[in-house]
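Visitor: can't give you the sequence, but here's the structure:
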């Protein structure tokens with residue numbers, strides 16, 4: 001069963017917290033008093049919580065300790081001495097107190113049998129995380145990262161909100177720079193790891209796909225040895241993960257899955273049939289020779305890859321292939337990830353949670369199958385964090401749109417690069433506002449035609465505004 005992320009359970013005493021992060025209690029008369037949960041946000045803090053002050057380039061949570069106490073916090077963990085005494089017990093801790101606290105909790109849980117699956121990759125990691133947790137929940141009490149809590153703040157948040165009865169935790173780990181996955185794996189201590197792929201997301205920060213590969217594979221430094229179950233699961237379709245098989249096998253126990261029949265894979269999807277509504281395929285597990293028919297209520301071969309990684313995880317934890325296949329049939333993707341909304345002969349694919357070159361290409365390739373006989377229109381926003389590779393990647397995206405769509409609209413900093421690849425600048429613009437004006441004008445001339453819209457872009461582009469405009473137009477509200 002899947003456990004609710006909102007079920008706060010961590011009840012530690014003030015003294016235990018001080019010991020775990022190595023800090024001295026101030027203003028404390030009763031070290032045996034306990035907190036009811038943890039919060040880093042004074043807007044959502046609840047009575048009895050411990051407030052953890054975070055500090056970044058543009059914010060300083062230490063300044064809000066008194067406000068947190070006024071709203072019900074009974075303990076504050078700060079990184080600097082407060083200018084105003086919060087009036088409740090507090091600690092001043094150097095370094096990453098949030099991470100230290102979460103790491104100590106994970107070690108306690110693991111002593112009681114908890115197992116951890118770490119999920120990272122350039123794209124698809126949230127879908128794989130959700131799908132893996134869904135499959136595992138068919139047999140185990142499973143808990144997973146909520147939303148995109150996958151960074152140095154989100155991973156501790158996930159751990160400190162984990163219900164006590166959790167048997168398997170599926171924890172997503174994201175990164176922008178080298179060393180970040182290592183830090184997150186230090187905290188979460190995964191027993192098993194999934195790397196979805198090695199793409200070009202954040203290549204502007206890391207400089208090359210080779211460096212991205214090195215950064216993502218930091219996760220395996222923390223896996224136990226094979227005798228204690230330590231395993232990396234990967235797709236044979238990814239050229240970096242498969243092409244570096246020898247390197248990975250020297251470092252850990254790597255197991256592959258495939259829909260292309262790779263001879264080195266132990267889990268295969270065969271006889272794949274794609275329709276506008278789902279993917280159907282036969283699963284075959286070479287380890288025991290078992291087979292099972294699977295239906296995934298999503299489209300696109302990239303989602304078959306995701307499903308194989310989720311099923312492979314279940315198999316490694318002792319589930320049967322039939323159990324895993326049955327679970328896939330009831331999976332529902334998260335918000336803004338290939339969601340579909342229909343208004344008569346209009347279909348809108350809401351896939352704007354984030355974007356990178358590989359995810360854009362996969363979404364465009366699936367658009368034709370989903371659209372059927374309808375017009376295929378892509379409404380795209382800039383792909384961010386590509387650095388010196390941005391111009392080339394946006395030209396390539398424009399060329400893909402020429403290949404896979406009937407019409408393409410684009411907005412963002414790299415609009416001229418997209419237009420060059422697409423070969424037409426009529427519906428390509430810098431701002432989203434201009435894009436929506438042009439889109440609305442064109443739609444008035446195509447009011448009766450069946451159209452399938454793909455909306456996709458990096459999260460910072462806020463492509464949900466385009467979706468809202470379309471839904472208002474087609475729903476008549």
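Guide: Noted; the coordinates are in hand. Predicted model only: the values in this text are computed from it and were never measured.
Visitor: switch to C-alpha atoms for all contacts and neighbour counts from now on
Guide: Will do.
Visitor: Neighbours of residue 64, how many?
Guide: 19 (other Cα atoms under 10 Å).
Visitor: Checking my notes, it in a strand, right?
Guide: No: Residue 64: not assigned to a strand; according to DSSP: H, G, I helix; E, B strand; the rest coil it is helix.
Visitor: what's the offset of the host helix or strand of residue 398 from the middle of its chain?
Guide: Assessed by DSSP states H and E, residue 398 sits inside helix 390-404. Relative to the chain's own centre, helix 390-404 is displaced by 24 Å; criterion: Cα atoms, centre = their mean, to the nearest Å.
Visitor: Show residues contacting that helix.
Guide: Outside helix 390-404, the residues that touch it by Cα atoms under 8 Å, 6 or more residues apart in numbering are 357, 360-361, 364-365, 367-368, 376, 378, 383-384, 407-408, 414-415, 417-423.
Visitor: Just the buried subset of the residues you listed, please.
Guide: Among those, those that count as buried by neighbour count (16 or more other Cα atoms under 10 Å) are 357, 360-361, 364-365, 367-368, 376, 378, 383-384, 408, 414-415, 417-422.
Visitor: got the buried residues for the helix holding residue 398?
Guide: For helix 390-404, burial by neighbour count (16+ other Cα under 10 Å) applies to 390-391, 393-402, 404.
Visitor: pLDDT on that helix, on average?
Guide: Helix 390-404 shows a mean pLDDT of 96.
Visitor: Also stretch 257-264?
Guide: The model assigns stretch 257-264 a mean pLDDT of 95.
Visitor: mind listing the helices for the stretch 201-350 of the chain?
Guide: For the stretch 201-350 of the chain, the helices defined by DSSP state H, counting those that start in this stretch occupy 203-206, 209-216, 239-243, 245-251, 301-316, 321-328.
Visitor: of those helices, which approaches residue 272 most closely?
Guide: helix 301-316 (8.6 Å; Cα to Cα).
Visitor: in that closest one, what counts as buried?
Guide: Those would be 301-315, for helix 301-316 by 16+ other Cα under 10 Å.
Visitor: What helix or strand is residue 353 located in?
Guide: Assigned by DSSP H and E, residue 353 falls outside every helix and strand.
Visitor: Tell me, how many residues neighbour it?
Guide: 21.
Visitor: my guess is it contacts residue 459, does it?
Guide: Yes: judged on Cα atoms under 8 Å, residue 353 makes contact with residue 459 at a distance of 5.6 Å.
Visitor: So, low pLDDT: which residues of the stretch 301-450 of the chain?
Guide: 335-336 (pLDDT under 70).
Visitor: Spell out the residue ranges of the strands in it.
Guide: 339-343, 346-350, 375-381, 407-411, 428-429 (DSSP state E, counting those that start in this stretch).
Visitor: hmm, back to that, would you mind telling me which of the helices of the stretch 201-350 of the chain is nearest residue 153?
Guide: Set against residue 153 and scored by Cα to Cα, the helices of the stretch 201-350 of the chain come closest in helix 209-216, at 18.3 Å.
Visitor: Return the set of buried residues in the closest one.
Guide: 209, 211-213, 215-216.
Visitor: I'd like these laid out as JSON lines, including distance to residue 89 and pLDDT.
Guide: Converted to JSON lines, these look like this (distance: Cα to Cα, whole Å; pLDDT from 0 to 100):
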{"residue": "209", "distance to residue 89": "48", "pLDDT": "92"}
{"residue": "211", "distance to residue 89": "45", "pLDDT": "94"}
{"residue": "212", "distance to residue 89": "43", "pLDDT": "94"}
{"residue": "213", "distance to residue 89": "45", "pLDDT": "95"}
{"residue": "215", "distance to residue 89": "39", "pLDDT": "95"}
{"residue": "216", "distance to residue 89": "40", "pLDDT": "96"}
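Visitor: Can you give the distance of stretch 453-473 from its chain's centre?
Guide: 20 Å.
Visitor: what's the closest of the buried residues of helix 301-316 to residue 326?
Guide: For the buried residues of helix 301-316, the nearest to residue 326 is residue 311 (10.2 Å; Cα to Cα).
Visitor: residues contacting that closest one?
Guide: 132, 135, 321, 324-325.
Visitor: Quick check: PyMOL command selecting the buried ones in the residues you listed.
Guide: The PyMOL command for the buried members of the contacts of residue 311 (criterion: 16+ other Cα under 10 Å) is given here:
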select buried, resi 132+135+321+324+325
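Visitor: Please consider this matter closed, and thank you.
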